[in-house]
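*Asks:* Here is my input; please provide its structure:
(one chain, ligands or ions: 1)
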Amino acid sequence: MKKLRNWDNKTWLSSKKYIFSFNNFLRSKIKFDKNTQILDIGCGRGNIISSLHKKYKFYNKPIGVDIVKNKSLKKNIFFFKSDAIHYLKKTNKNFDVILIKQTIHFFNKNQIKLLLSYAKLKLRDKGQILLFSLKTKDNQIPCFKSMGINLKKSLKKDEELLKIIKKNLKNLKEVYFNFRVNISKQVYLRMIRDRYISCLLKMSVKEIKLGISELNLRLKNQIRFTDTLKCIVFRK
Ligand SMILES: C[S@@+](CC[C@H](N)C(=O)[O-])C[C@H]1O[C@@H](n2cnc3c(N)ncnc32)[C@H](O)[C@@H]1O
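*Replies:* Residues are numbered from 1 along each chain as shown. This next block holds a predicted model:
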C-alpha cells in the first residue's frame, strides 16, 4: 500500500492556527515544563512537537517516530524512521508524554495491544499517554461516495481498536478536540488529489479523478466543517 505522505503537507493539519489550537488543548491536559520528555508516535513532519519545543525549550528535544521520513521534516526534534512498536521495544528512554495522534488505524488489534503495553512500560512516574482519533459517529470530513465508504470502514475499525484501548488503559478520561476548518474548495480538492487521508491510499488514479469531479460539483467554494477528534488521556 502507498505510504501516507501528505497528511500534514500544507493542509489545515499543518496550519499555524491548527497547531496553536491543538497545543493549547494539550496544555489543558498536560503540565509541561522544561524537563518534560515527549515521544510522538506517527509524528508525520513533527509539526506538533516542534512547536511545543519552540515554546517550552525542553532540556531534552522531543522525539518523533514515523515509518515515513518526509522531506520537510522539522529540524528541532529527534526523528527516528521506524515502526513505532519496534522503536518502543528497543529504546532505553522513558517519557513523560506519549502522543499517538491519528495513527491507531495503521495497526491491527494485536499490534495495538503490543504498542500500548510497550508505551506503558516506557512511561515515567505520572507519565501520560494521549491518544487521538477521528470521531467515529457523524464525522464531517467531506467525502465523495467511495471515499465515504472507505472512511466509514476505517472508523468502524477504530471503534474496535478503541474498545481494546479502553481495556488496556484503565482509569482513562475521554474528551474531544474540535477544530473549525475553513478552507477553499480548491485547496481541499488538491488535498484529495494528494491522498491526504489514508482512506484514499488504495484508490486508483481514475477513482480519485472521478471523486474530485463529484466533490467539485457538490461542494461550495469555501468549505467549513468541524474536525473533531476523540482524545483518550491515560495517566500512570
Ligand atoms: C494520519 S498521520 C498523523 C500524523 C501526525 N500524528 C498528525 O496528527 O499530524 C499518521 C502517521 O502515522 C504514520 N505511521 C503509520 N504506521 C506507522 C507505524 N507502524 N509506526 C510509526 N508510524 C506509523 C504514518 O506514516 C503517518 O505519518
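
*Asks:* residues making contact with stretch 215-229?
*Replies:* Residues from elsewhere that reach stretch 215-229, judged by Cβ atoms under 8 Å, 6 or more residues apart in numbering: 12, 101-102, 132-135, 139-142, 144, 176-185, 188-189, 192. For glycine as for every other residue, the C-beta is placed from the backbone atoms N, C-alpha and C.

*Asks:* Quick check: mean pLDDT of it?
*Replies:* Stretch 215-229 carries an average pLDDT of 97.

*Asks:* after the helix or strand containing F20 comes which helix or strand?
*Replies:* Element membership of F20, judged by DSSP states H and E, is helix 16-29. Proceeding C-terminally, helix 16-29 gives way to strand 38-41 as the next helix or strand, assigned by DSSP H and E.

*Asks:* Spatially nearest residue to I77, not counting backbone neighbours?
*Replies:* G46 (4.6 Å; Cβ to Cβ, 6 or more residues apart in numbering).

*Asks:* and what of K153?
*Replies:* C199 (7.8 Å).

*Asks:* Identify the residues contacting that neighbour.
*Replies:* With contacts defined as Cβ under 8 Å, 6+ apart, the neighbours of C199 are C143, M147, N150, L151, K153, S154.

*Asks:* Return the members of those classed as buried.
*Replies:* Neighbour-count burial within the contacts of C199 applies to C143, M147, N150, L151, S154; the criterion is 16 or more other Cβ atoms under 10 Å.

*Asks:* can you redo the residues you listed as JSON lines with pLDDT?
*Replies:* Formatted as JSON lines, those follow (pLDDT from 0 to 100):
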{"residue": "C143", "pLDDT": "97"}
{"residue": "M147", "pLDDT": "97"}
{"residue": "N150", "pLDDT": "96"}
{"residue": "L151", "pLDDT": "96"}
{"residue": "S154", "pLDDT": "94"}
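
*Asks:* between the residues you listed, which is nearest the ligand?
*Replies:* S154 (10.8 Å; Cβ to the nearest ligand atom).

*Asks:* ok, so what distance separates the residue sitting furthest away from the middle of the chain from the ligand?
*Replies:* Here the chain reaches farthest from its C-alpha mean at L217, the gap being 29.4 Å by Cα atoms, centre = their mean. Remark: distance between L217 and the ligand (Cβ to the nearest ligand atom, to the nearest Å) = 27 Å.

*Asks:* next one: K173
*Replies:* Looking at K173 against the ligand, where the rule is Cβ to the nearest ligand atom, the gap reads 20 Å.

*Asks:* Give me the phi and psi angles of that residue.
*Replies:* Per-residue torsions, K173: phi -120, psi 150 (degrees, to the nearest 10).

*Asks:* Which parts of this structure are strands?
*Replies:* With DSSP state E applied, the chain shows strands at 38-41, 63-66, 78-81, 95-101, 123-134, 173-184, 222-235, listed in chain order.

*Asks:* Much appreciated, bye for now.
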